[in-house]
Each structure stands twice: as structure tokens, then as C-alpha cells.
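Trainee: take a look and give me a structure for this.
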Amino acid sequence: IRIEQLYPFPQVLYNAQIERYPNLTDLVWCQEEPKNQGAWFETLHHLERDLPARLKLRYAGRPHSASPAVGYH
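Mentor: As a prediction, this is how the structure comes out:
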């Protein structure tokens, strides 16, 4: 499932897409940004709301970053 609209979060459409996959066991959020700089924390509560008990929600991406940008020395 590709989520392009984060606000307002398309909760009804998201739930409908999840229901299309009755054998789904893992739900993975993937992003290029570090964990604390992307949409993960903003959308986590939306992703978990109404999540069937059979699903495990996981994060796939870069770890937390203390720096807003990395550079070369």
C-alpha cells in the first residue's frame, strides 16, 4: 500500500486496503529519512488504529539521527 496523503490521514481507505489482504501477517512502514525525521512518528498512531490483531507493524528504514543532515569532512 502506498500512502501519499498524510494529512488528513485517509483512515477509511487505509483500513479498506488492509482488509483486501486477509492472509497478511506483517505490515512494514518504509521510508528513506531517519526514523525520527520522516513520517513514521506522525503516522504511527493512524497505522495502529483499527489494526487487526493478526498484523505486526514494523519499521524499515534508517535508525534515529541526532543530526538534521550529514556531510563530508
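
Trainee: low pLDDT regions in this protein?
Mentor: Residue ranges of the chain with pLDDT under 70: 72-73.

Trainee: where along it do the helices fall?
Mentor: Using DSSP state H, the helices of the chain run over 11-19, 40-48.

Trainee: elements contacting the first one?
Mentor: Under the contact definition 3 or more C-beta pairs under 8 Å, 6 or more residues apart in numbering; DSSP states H and E, helix 11-19 sits against helix 40-48. Where C-beta positions appear, they are placed from N, C-alpha and C, glycine not excepted.

Trainee: and the angle from the helix it packs on to helix 11-19?
Mentor: 70 degrees (axes from the mean of the first three to the mean of the last three C-alpha atoms, to 10 degrees).

Trainee: grab the most central residue of this protein for me.
Mentor: For the chain, residue 29 is the residue whose C-alpha lies nearest the centre (C-alpha atoms, centre = their mean; 3.5 Å).

Trainee: identify the residues contacting the residue nearest to that residue when sequence neighbours are not counted.
Mentor: Nearest residue to residue 29, sequence neighbours excluded (C-beta to C-beta, 6 or more residues apart in numbering): residue 59, at 5.4 Å. Applying C-beta atoms under 8 Å, 6 or more residues apart in numbering, we find residue 59 in contact with 28, 29, 35, 40.
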